[in-house]
Each structure stands twice: as C-alpha cells, then as structure tokens.
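In: how would this look folded up:
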Amino acid sequence: MTSALTTAAAGFGTGLSLIVAIGAQNAFVLRQGVRRDAVLAVVGICALSDAALIALGVGGVGAVVVAWPGALTAVGWIGGAFLLGYGALAARRVLRPAATGLETAGEA
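Out: Numbers count the residues shown, from 1 in each chain. Next up, the predicted model:
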C-alpha cells in the first residue's frame, strides 16, 4: 500500500471512529429523534458543522495557529465560555426538569 493510501485509510478510520462513538452530539441527535422534534434540521446542522470542521482541519487551520499563536488561546477561551454556558443549561434542566413530551398510550 502506498503512503497516500495508508494515510487516507488512517484518516477515514479516525473519522469513522469519531462519528460512530456516542458522544454529546450523537446523544443530542438521538434524543431529538426520539422526541420527533425538528429531526431533519438537527441532522442537517450537525452534518454541516461536522463537514465544516473537517474542511477547516484539512484546509490548514494548523497553519493559522502556527502563524498566529494567539488564535489557539482565543479559540480556547471561546470554547471554554461555550462549555460553561452549555453546562449551566444542562444543570438548569436537571434542577428544573420539564415534561419530555414522550407519552405512552394504552397498556404495554
């Protein structure tokens, strides 16, 4: 196998392992699917965001970070703020649970 094919196979394998693993994004998509709440929009946005992140990685965001080391720090702070906000929303859902919208009819 050539070096290019080996590299491509490693990249596809890594991408597949990231997509298949049940993480926060996949859990969210599954939850929306079970609730039947804007499934097409959620799947579309998640697929587009994944494609954009992959394209940025392939397109050379690393070169930007090398050229401007402050970019990595800025992205770290922005990501940290996002995670704090997302964590606060999750804590609020735990402390004040709302109806899930899942109902069963009849007997099992």
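
In: tell me the domain ranges of the protein?
Out: 1-59, 62-97 (automatic domain parsing).

In: which of the ones you listed comes out lowest on mean pLDDT?
Out: Among the domains of the chain, domain 1-59 carries the lowest mean pLDDT, a mean of 85.

In: about what we covered before: mind putting the domains of the chain in TSV, mean neighbour count included?
Out: (Glycine included, C-beta is placed from N, CA and C.) Shown next, in TSV, are the domains of the chain (neighbours: other C-beta atoms under 10 Å):
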stretch	mean neighbour count
domain 1-59	11
domain 62-97	10
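
In: distance of I78 from A71?
Out: Remark: distance between I78 and A71 (C-beta to C-beta, to the nearest Å) = 11 Å.

In: likewise for I19?
Out: Counting by C-beta to C-beta, the gap from I19 to A71 is 26 Å.

In: before we move on, what about V65?
Out: 5 Å.

In: which strands and helices lie in contact with the lengthiest helix in the chain?
Out: If you go by DSSP state H, the chain has its longest helix at helix 70-95. Here helix 70-95 touches helix 61-67, going by 3 or more C-beta pairs under 8 Å, 6 or more residues apart in numbering; DSSP states H and E.

In: need the residues that contact the helix it packs on.
Out: With contact meaning C-beta atoms under 8 Å, 6 or more residues apart in numbering, helix 61-67 is reached by A71, L72.

In: what sits against G33?
Out: If you count contacts by C-beta under 8 Å, 6+ apart, G33 has them with V39, V42.

In: for the one 5 residues further on, same thing?
Out: Shown here is A38, whose contacts under the criterion C-beta under 8 Å, 6+ apart are Q32.

In: in the protein, which residue is closest to the centre?
Out: The centre of the chain sits closest to Q25, judged by C-alpha atoms, centre = their mean, with a distance of 4.2 Å.
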